[in-house]
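Visitor: Build me a structure from this.
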Amino acid sequence: MKKVTQFVWNNFKNDARLHRECSALSEVGYDVHMVALKDPKFPDLPSLEIRNKDQQSEYNVHRINFYPWLLEAYRQDKTTFLIVVGGVTSVVSVALFYRSIMLLSTFLMLLIASVASFKKRFIRKWFINLDRSIRMAFTGYKMNADIYQSNDLNTLIQGVICSKFRLKPRPLIYDSHEVQTDRTGYNKNIVKVMESNLLRFVDVMMVENHTRAAHNEELYGFYPYTLYNYSEYYNIEDKEAIDIHAEVGIDEDEKILLYQGGLQAGRGLHNLINAMPYVDEGILVFIGDGKLKDELKQQVVDMGLQQKVKFIGRVDYKDLARYTKNAYVGFQVLQNICFNHYSASSNKLFEYLMADVPVIASDLPEIRKVFNQYNVGELVNPDDPQSIAQAINKIVQDETMHASYVEGAKQAKHVYNWNNEKEKLYDVYRHAEDVHVKSFISALQ
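Guide: Numbering: from 1, shown residues only. Reported below is the predicted structural model:
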């Protein structure tokens, strides 16, 4: 049984994409281990977790502490930490005083400089991220896996260290879920330099779709594998619905206009709310969490839309379909603010389709491909609230149109599902081993 170790820069609580990948690899006989982060926001998440226990798709999750051990000790018990550190500092200072005033002065200056520099957010964040990366790499290296996979650029260096810094190097797969060189909040030039240099160590690269693969070819001169983020196939009628109407306190006959996903900038969420005064029927429900949550709630209050817009927090991915089943229509209104958004194929789109829910979505290339092939909903301008409202009104007021979109979703999900797509993942792993063996033999010749 070949061992696979993957790295991901999150707590791996609701990462449905990687859960599907790990389960699929385990199903065909790989011994799969995921190295993730132990986020203090979720204290109940164990350091070692066995997913799908006693099933054919069983795999292991190893979570490393979110903070360096000194910061972790301070966070858990500040008083005890300060007493211990103060005591140690005093003992060291007294010892150095009797040894040399110069040594004592140097020690105190270094201590003060360290504390002062650590108060700067950039330095503190850089140090914490470096420490996490080192501990992730150390954990992965000890596993001595046959194949390593890095998910996104922030874990690629860990994969390089674990797979290539050995007497007998191992295959390395790079699964880039985003367009790393063109995302909001990232320095494009620095990211491109990092990624281009680390790609030299990668045996096989995967990206989410063909639009991104073509972009990668323009940047780096090769066309990577594509692995679409489709949902697992299921019959929504087999899922027992969780009653959203009761949960948010609305009448049972109200039509649910559902957004599920991260509450983050660039996803058209403010415009969804701005569209609601023009909507004749339906209640907008947000399911998820994120940085914009409080801001969106305040917008609802400011616009007096408390009866037309409701919020539900983050839900476990295992239960998500039971919520989605309630929806009359689903939204994926990404705004074209960067190439990462422009090129997205959007897993939320496929989650709605799998639940037989018509979709109102942004008119972007990968999304448009689905809409051109199947009659599943309406494409809109995500920057225009009235465009969104018109699409909503068309669907909720025309039962025949809604029924045709439901039928289109039922057809589309037989094509756009993980049960079909995971065969590509197996091809990637076979190819990674073949490429690695050939390159190793060439190096020996």
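
Visitor: what's residue 366 in contact with, if anything?
Guide: Residue 366 is in contact with 209, 210, 211, 343, 344, 345, 346, counting by C-beta atoms under 8 Å, 6 or more residues apart in numbering. Every residue, glycine included, has its C-beta placed from N, CA and C.

Visitor: Quick check: the farthest pair among these?
Guide: Using C-beta to C-beta, the two most remote members of the contacts of residue 366 are 210 and 346, lying 14.3 Å apart.

Visitor: which one of those two has more residues nearby?
Guide: Neighbours per residue (other C-beta atoms under 10 Å) separate residue 210 from residue 346, with residue 346 holding more: 22 against 16.

Visitor: Can you give me the distance of the closest residue to that one other than its chain neighbours to residue 192?
Guide: In space, and not counting its chain neighbours, residue 346 is closest to residue 332: 5.0 Å by C-beta to C-beta, 6 or more residues apart in numbering. Here residue 332 is placed at a distance of 28 Å from residue 192 (C-beta to C-beta, to the nearest Å).

Visitor: what about these two, which has more around it?
Guide: Comparing residue 332 with residue 192 by other C-beta under 10 Å, the one with more neighbours is residue 332, at 25 against 15.

Visitor: so the more buried one makes contact with residue 347?
Guide: No. The criterion here is C-beta atoms under 8 Å, and residue 332 misses it with residue 347 at 9.1 Å.

Visitor: circling back to that earlier point, against residue 206, how distant is the residue nearest to residue 346?
Guide: Applying C-beta to C-beta to residue 332 and residue 206 gives a distance of 22 Å.

Visitor: Residue 231 too?
Guide: Using C-beta to C-beta, residue 231 is found at 18 Å from residue 206.

Visitor: And those two? Which one has more around it.
Guide: residue 231 (26 against 22).

Visitor: Surely that one and residue 348 touch.
Guide: No. Using C-beta under 8 Å, residue 231 is not in contact with residue 348, being 9.5 Å away.

Visitor: Helices of the stretch 151-300 of the chain, residue ranges please.
Guide: Applying DSSP state H, counting those that start in this stretch to the stretch 151-300 of the chain gives helices spanning 156-164, 188-198, 210-220, 244-248, 269-275, 293-302.

Visitor: what's the closest of those helices to residue 396?
Guide: With C-beta to C-beta as the measure, helix 269-275 is the member of the helices of the stretch 151-300 of the chain nearest residue 396 (12.5 Å).

Visitor: Show residues contacting the closest one.
Guide: Helix 269-275 is contacted from outside by 259, 263, 284, 286, 292, 296, 299-300, 303, 305, 309, 331, 333, 382-386, 388-389, 392, using C-beta under 8 Å, 6+ apart.

Visitor: so which strand or helix has the nearest residue to residue 28 once chain neighbours are set aside?
Guide: Of all residues beyond its chain neighbours, the one nearest residue 28 is residue 426 (6.4 Å), with distances taken as C-beta to C-beta, 6+ apart. According to DSSP states H and E, residue 426 maps onto helix 418-444.

Visitor: Can you convert the contacts of residue 366 into a markdown table and add a column each for pLDDT?
Guide: Listed next are the contacts of residue 366 as a markdown table, based on pLDDT from 0 to 100:
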| residue | pLDDT |
| --- | --- |
| 209 | 96 |
| 210 | 97 |
| 211 | 96 |
| 343 | 95 |
| 344 | 94 |
| 345 | 91 |
| 346 | 87 |
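
Visitor: out of the residues you listed, who has the most neighbours?
Guide: Highest neighbour count within the contacts of residue 366: residue 344, with 26 neighbours (other C-beta under 10 Å).

Visitor: for the closest residue to that one other than its chain neighbours, phi and psi?
Guide: Leaving aside its sequence neighbours, residue 344 sits nearest to residue 334 (C-beta to C-beta, 6+ apart; 5.7 Å). Dihedral pair for residue 334: phi -60, psi 140, per degrees, to the nearest 10.

Visitor: Touching, residue 334 and residue 268? I think so.
Guide: Yes. Judged on C-beta under 8 Å, residue 334 makes contact with residue 268 at a distance of 6.5 Å.

Visitor: Check the contact lists of the two and give me the overlap.
Guide: 362, 382.

Visitor: between the two, who's got more neighbours?
Guide: Ranked by neighbour count (other C-beta under 10 Å), residue 334 and residue 268 place residue 268 first, with 27 against 22.

Visitor: And the more buried one, how far from residue 278?
Guide: Residue 268 sits 15 Å away from residue 278, going by C-beta to C-beta.

Visitor: Buried residues of the helix or strand harbouring residue 370, list them for me.
Guide: Using DSSP H and E, residue 370 sits in helix 365-373. Neighbour counts over helix 365-373 (16 or more other C-beta atoms under 10 Å) mark 366, 367, 370, 371 as buried.

Visitor: Closest to residue 434 out of these?
Guide: Nearest member of these to residue 434, counting by C-beta to C-beta, is residue 366, at 29.0 Å.

Visitor: Mind listing what's buried along stretch 287-296?
Guide: Those would be 287, 288, 289, 290, 292, 293, 296, for stretch 287-296 by 16+ other C-beta under 10 Å.

Visitor: what do you get for stretch 223-241?
Guide: In stretch 223-241, counting by 16+ other C-beta under 10 Å, buried: 224, 225, 226, 227, 228, 229, 230, 231, 232, 236, 239.

Visitor: So what sits opposite the third one in the bridge?
Guide: Put plainly, it is residue 226. For residue 226, the beta-bridge partners are residue 207 (DSSP bridges).

Visitor: need the contact list for it.
Guide: By C-beta under 8 Å, 6+ apart, the neighbours of residue 226 are 206, 207, 208, 209, 210, 212, 213, 424.

Visitor: right, and the second one touches residue 176 too?
Guide: Yes. Proximity of residue 207 to residue 176 meets the contact threshold set by C-beta under 8 Å, at 5.3 Å.

Visitor: Quickly note the distance from the closest residue to residue 290 other than its chain neighbours to residue 239.
Guide: Excluding the flanking residues, the one nearest residue 290 by C-beta to C-beta, 6+ apart is residue 263, at 3.4 Å. Relative to residue 239, residue 263 is positioned 24 Å away (C-beta to C-beta).

Visitor: again, but for residue 57
Guide: Per C-beta to C-beta, residue 57 is found 19 Å from residue 239.

Visitor: for residue 175, same thing?
Guide: 28 Å.

Visitor: residue boundaries of the strands in this structure?
Guide: Along the chain, the stretches classed as strands by DSSP state E are 3-7, 31-38, 48-51, 59-65, 147-151, 172-176, 204-207, 225-226, 256-260, 283-287, 309-312, 327-332, 359-362, 377-380.

Visitor: Residue 252 - nearest residue in space that isn't next to it in sequence?
Guide: On the basis of C-beta to C-beta, 6+ apart, the spatially nearest residue to residue 252 that is not a chain neighbour turns out to be residue 245, at 5.0 Å.
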